[in-house]
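Enquirer: requesting a structural model of the entry that follows:
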Amino acid sequence: MATEKDAFWSDILKRRLANSQKDERSEEENKAEETELFTKYYTEWKGGDDKEKSYKNIPRFYYRLPAEDEVLLQKLREESRAVFLQRKSRELLDNEELQNLWFLLDKHQVPPVSGEEAMISYEAYLQVGEKAGPKCKKFFTARVYAKLLHSDPYGRISIMQFFNYVMRKVWLHQTRIGLSLYDVAGQGYLRESDLENYILELIPTLPQLDGLEKSFYSFYVCTAVRKFFFFLDPLRTGKIKIQDILACSFLDDLLELRDEELSKESQESNWFSAPSALRVYGQYLNLDKDHNGMLSKEELSRYGTATLTSVFLDRVFQECLTYDGEMDYKTYLDFVLALENRKEPAALQYIFKLLDMENKGYLNVFSLNYFFRAIQEQMKLHSQEPVSFQDVKDEIFDMVKPKDPYKITLQDLVNSCQGDTVTSILIDLNGFWTYENREVLVANDNDSSNTADLDDT
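Expert: Numbers count the residues shown, from 1 in each chain. Here you go, the predicted model:
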């Protein structure tokens, strides 16, 4: 009996196992199927089958740059950019068209003359726009007219101001196209090598640089490029936007060298002039006593009036790029640009980084004391009575007026417009002496001017 029962249950189990379909899929496959079904039904419920509403109809807006080994794609990109720039160049007004525009404006001037300037009314302005041709259409808008409209009682604008506006716009676009030809990546910025090529090829077109020897070209290019990158690339990314180059005055200063009659004073104040470049490079050679093409800390200590503190120079060589503890010409140029332009935010950022020894983003009393101690030591060496640090510290905080009464940030220095004075007090004995004796110096200047006036009478 028991044997029959066992056989009965055995048969039932065998039939059950035979009839059941074993699911051999893994858990991941089951989850994938579940996700697929959910997506399918959810899309149908949201009406996603309608292709007009599908994301697939969004136009493509990202195109990756060709890789280095994709030579054909790179060539195609270069050719297409060249064609695009040529087309943009043809859209600009040439000299003949600008001359024709001037004649039309002069012909449509509306009396009376304002001072010595010819004026034009809005109606005449629109008439000139219709006759000037399609290239000029973008200049003859109500927006442009309103920009140039000032205080004329008849609601007119100056013909000369309008023409100068057109000339400036044409120049900006020409320069933008010229710079874009050197934009190898085609991303709207120039790398250091791109800008070097641009300036090198620009040299023969600048009469004020005719006297430069070709052997000096590489040093001149390096000198010129460093100013652009020092001020326009504060994060040291190695590239500058073309828009930033056009927006700043540096390119104007550089192209000013086209003027064959540029005054001596203008040349001396222009960083890009031949006298200025030779001055900076000459100073570098004079400091390089061992003639190895590099500057040691000892050699750099003779810079300017030789009154920079050793503590500050230590920080320069700790933070700046050096080669076996010595500074090359490019690093020296950054140093010179910072010290000669201490009022500028980029220069203050350079010096602030050196003063901020602990990289905290601010200067506290300890930092100020650390650097001013070196000034006190120099005063002792020159047989001068050291000034109390507490007095100097109070004066610095009074000048800067930081948000936090115990910390001075870079932004505090910039906002105070006293950053050049504060940094001079901390790093340069001559700068501190000038500040300390400012009242005496002003009095002496006044006495000198009064004496000159008496001599004239």
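Enquirer: helices or strands up against the helix or strand containing Thr421?
Expert: Using DSSP states H and E, Thr421 maps to helix 419-427. If you count contacts as 3 or more C-beta pairs under 8 Å, 6 or more residues apart in numbering; DSSP states H and E, helix 419-427 packs onto helix 345-355, helix 365-381, helix 389-400, helix 410-416, helix 429-436. Backbone N, C-alpha and C define where each C-beta goes, glycine included.
Enquirer: distance from the chain centre to it, please.
Expert: Put simply, helix 419-427 sits 24 Å off its chain's centre (C-alpha atoms, centre = their mean, to the nearest Å).
Enquirer: tell me the angle it makes with helix 389-400.
Expert: Going by axes from the mean of the first three to the mean of the last three C-alpha atoms, to 10 degrees, helix 419-427 is angled at 160 degrees with respect to helix 389-400.
Enquirer: circling back to that earlier point, kindly reformat the helices and strands packed on helix 419-427 as JSON lines containing mean pLDDT and distance to Asp94.
Expert: Conversion of the helices and strands packed on helix 419-427 to JSON lines gives the following (pLDDT from 0 to 100; distance: least, C-beta to C-beta, whole Å):
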{"stretch": "helix 345-355", "mean pLDDT": "96", "distance to Asp94": "38"}
{"stretch": "helix 365-381", "mean pLDDT": "94", "distance to Asp94": "58"}
{"stretch": "helix 389-400", "mean pLDDT": "95", "distance to Asp94": "53"}
{"stretch": "helix 410-416", "mean pLDDT": "96", "distance to Asp94": "44"}
{"stretch": "helix 429-436", "mean pLDDT": "91", "distance to Asp94": "52"}
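Enquirer: closest one to Ile245 among those helices?
Expert: Closest to Ile245 of these, according to C-beta to C-beta: helix 345-355, at 14.7 Å.
Enquirer: how about that closest one: buried residues?
Expert: Buried residues in helix 345-355, counted by 16 or more other C-beta atoms under 10 Å: 345, 347-352, 354-355.
Enquirer: on that earlier part again, dump the helices and strands packed on helix 419-427 to TSV, plus distance to Cys248.
Expert: Converted to TSV, the helices and strands packed on helix 419-427 look like this (distance: least, C-beta to C-beta, whole Å):
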stretch	distance to Cys248
helix 345-355	11
helix 365-381	31
helix 389-400	27
helix 410-416	17
helix 429-436	27
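Enquirer: out of the ones you listed, which comes closest to Arg191?
Expert: helix 345-355 (18.9 Å).
Enquirer: got the end-to-end distance for stretch 315-324?
Expert: One end of stretch 315-324 sits 16 Å from the other (C-alpha to C-alpha, to the nearest Å).
Enquirer: ugh, wrong one, stretch 381-389
Expert: One end of stretch 381-389 sits 17 Å from the other (C-alpha to C-alpha).
Enquirer: also stretch 100-118?
Expert: Note: stretch 100-118 ends 17 Å apart using C-alpha to C-alpha.
Enquirer: quick one: contacts of that stretch?
Expert: 93, 119-121, 124-125, 127-128, 131-132, 136, 152, 154, 156, 158-163, 166 (C-beta atoms under 8 Å, 6 or more residues apart in numbering).
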